[in-house]
Structure formats: C-alpha cells, structure tokens
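Chemist: Sequence first, predicted coordinates after that:
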Amino acid sequence: MYKEETITAAARYVRELLSGEGSGHDWWHVLRVWNNAKHIAASEKADVYVVELAALLHDIGDHKFHNGDDTVGPRMAREWLEQQQVEEEVISHVCSIIRDLSFKGAGTSPAMLTLEGKIVQDADRLDAIGAIGIARTFAYGGHRNREMYNPGIKPELHETFEAYKSSTAPTINHFYEKLLLLKDRMHTATAKKIALQRHQYMEGFLEQFFAEWEGKR
C-alpha cells in the first residue's frame with residue numbers, strides 16, 4: 001500500500017507542477033510517458049515501482065528550462081522522494097535514471113545501465129516521435145521563437161551535449177538532429193515495434209512538408 005500511495009502522491013505532485021505548461025513538456029507528456037513505461041514494463045522483468053517513479057518525475061527539472069543545468073531534475077526528484085521517506089536504494093536508482101535519460105546529441109551515447117532506466121528512456125523517446133512527437137516539436141519550437149524551417153540552415157549532428165543544448169536551429173532540423181535517430185536507439189522489443197510505425201509516420205510527414213514547401217502538392 002505504501003508504494004501505491006507514493007505513486008499516487010508523485011502523480012499529484014507532477015500534475016500540479018506541470019499543468020498548463022505550453023512547450024510540450026507538460027503533465028500530459030508525463031502521463032503518456034508513464035503509460036508507455038507501464039506498457040513496456042509489462043513485458044519485462046523490471047522493478048515497476050522504480051519505473052513508475054522515474055517516469056513520473058523525469059521532467060520536473062528539465063535542463064532545457066534551467067539554463068542547460070542537467071543536475072536540477074535529479075536534485076528535485078531526490079528532495080521530493082526524501083520527503084516521502086522513500087528508501088535510499090530506490091531514490092538513487094530513480095535519480096540516476098533521470099540524470100541519464102535525456103538525448104544529448106547525435107554523437108553522444110551515455111549508457112543507460114539498468115533495465116528500469118531503459119524502459120523509461122524508451123517510453124520518453126516514444127513520446128518524442130510519431131504524430132504527438134511532431135506536435136510537441138513544433139510546440140517547443142514556437143515556445144523558443146524558432147523558425148519553422150529555413151533552407152539555408154542545414155541540420156547538424158551534434159558531437160557534444162554542449163553543442164546540442166545550445167542549438168537554435170529551425171524546428172524541421174530537429175527531425176534530422178534527433179527524432180529520426182530515435183528508432184534505432186530503442187532498447188526493448190516492445191518499444192522497437194512501436195517506434196517503427198511512428199518513425200514511418202514522421203517520414204511521411206516530412207515528405208508531405210517538403211512537397212508543400214516547394215508548391216508540389
């Protein structure tokens with residue numbers, strides 16, 4: 001019962017914190033990641049308690065909204081979990097997942113060391129692709145006052161996290177710099193199957209986008 005109460009409290013805390021956020025990193029994103037994670041975990045022999053806590057708390061201190069500081073999220077998660085008197089082993093595991101979760105550039109590949117981390121990372125990345133991924137990408141681009149597309153600015157496969165997080169490129173570039181790369185970075189069989197369909201949807205969108213841009217459709 002204690003674990004169920006902690007999960008319920010985490011959901012309440014995150015919903016209050018992120019409701020109404022307009023960049024695509026809102027409560028509804030967290031809810032989808034939570035549901036994705038539970039779906040994937042059902043096919044894996046994972047610690048579902050850790051999976052659910054990490055999925056719920058993964059975006060409470062996103063580096064994109066804290067001047068690129070990727071220590072904020074794990075720190076906020078630790079503070080909240082300690083207040084709930086969660087055992088240290090679980091806190092450390094959840095915080096390490098949050099620390100290593102984010103995509104940090106095409107040329108970087110920080111290892112996600114545990115099955116629980118791989119499940120949550122897959123769940124988060126699934127929400128970055130497909131129809132919802134497309135919608136979130138343009139929501140974030142608008143939030144950052146970025147051009148939708150500029151033919152004169154080519155995509156760049158960033159070799160470092162610093163280069164990736166400092167990019168101000170148009171939104172369409174993000175597909176080539178991150179989103180189209182995610183299909184091949186999934187860990188679990190369940191996520192790989194879902195990602196394939198969502199990847200193909202994005203390819204179709206881009207084909208239509210560029211045809212319309214050129215006035216061909």
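Modeler: Looks like it arrived, so ask away. Numbering: from 1, shown residues only.

Chemist: so where does the residue nearest to the spatial centre of the chain fall, helix or strand?
Modeler: The centroid of the chain falls nearest to residue 124 when counting by C-alpha atoms, centre = their mean (3.8 Å). Per DSSP states H and E, residue 124 falls inside helix 115-126.

Chemist: What helices and strands are in contact with that helix?
Modeler: Judged by 3 or more C-beta pairs under 8 Å, 6 or more residues apart in numbering; DSSP states H and E, helix 115-126 is in contact with helix 27-41, helix 48-57, helix 88-100, helix 189-213. Using the backbone N, CA and C atoms, a C-beta is placed for each residue, glycine as well.

Chemist: Distance from the chain centre to the third one, please.
Modeler: From the chain centre to the centre of helix 88-100 is a distance of 16 Å (C-alpha atoms, centre = their mean, to the nearest Å).

Chemist: Residue 37 is in contact with residue 119, isn't it?
Modeler: Yes - taking C-beta atoms under 8 Å as the definition, residue 37 is a contact partner of residue 119 at 5.6 Å.

Chemist: between those two, which one's more packed in?
Modeler: residue 119 (31 against 27; other C-beta atoms under 10 Å).

Chemist: Reformat the helices and strands packed on helix 115-126 into JSON lines and put distance to residue 139 and mean pLDDT next to each item.
Modeler: Listed next are those as JSON lines, based on distance: least, C-beta to C-beta, whole Å; pLDDT from 0 to 100:
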{"stretch": "helix 27-41", "distance to residue 139": "10", "mean pLDDT": "97"}
{"stretch": "helix 48-57", "distance to residue 139": "20", "mean pLDDT": "98"}
{"stretch": "helix 88-100", "distance to residue 139": "22", "mean pLDDT": "95"}
{"stretch": "helix 189-213", "distance to residue 139": "15", "mean pLDDT": "97"}
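
Chemist: which one of those helices is the most hemmed in?
Modeler: helix 48-57 (a mean of 25; mean count of other C-beta atoms under 10 Å).

Chemist: sorry, back to before: just checking, the residue nearest to the centre of the chain touches residue 33?
Modeler: Yes - at 5.1 Å, residue 124 counts as touching residue 33 under the criterion of C-beta under 8 Å.

Chemist: which residues do these two both contact?
Modeler: 55, 58 (C-beta atoms under 8 Å, 6 or more residues apart in numbering).

Chemist: if we look at the helix holding residue 124, which residues are touching it?
Modeler: Contacts for helix 115-126 (C-beta under 8 Å, 6+ apart): 33-34, 36-37, 39-41, 44-47, 50-51, 54-55, 58, 93, 96-97, 100-101, 103, 112, 182, 185-188, 190-191, 194-195, 198.

Chemist: can you give me the offset of it from its chain's centre?
Modeler: Distance, centroid of helix 115-126 to centroid of chain: 9 Å (C-alpha atoms, centre = their mean).
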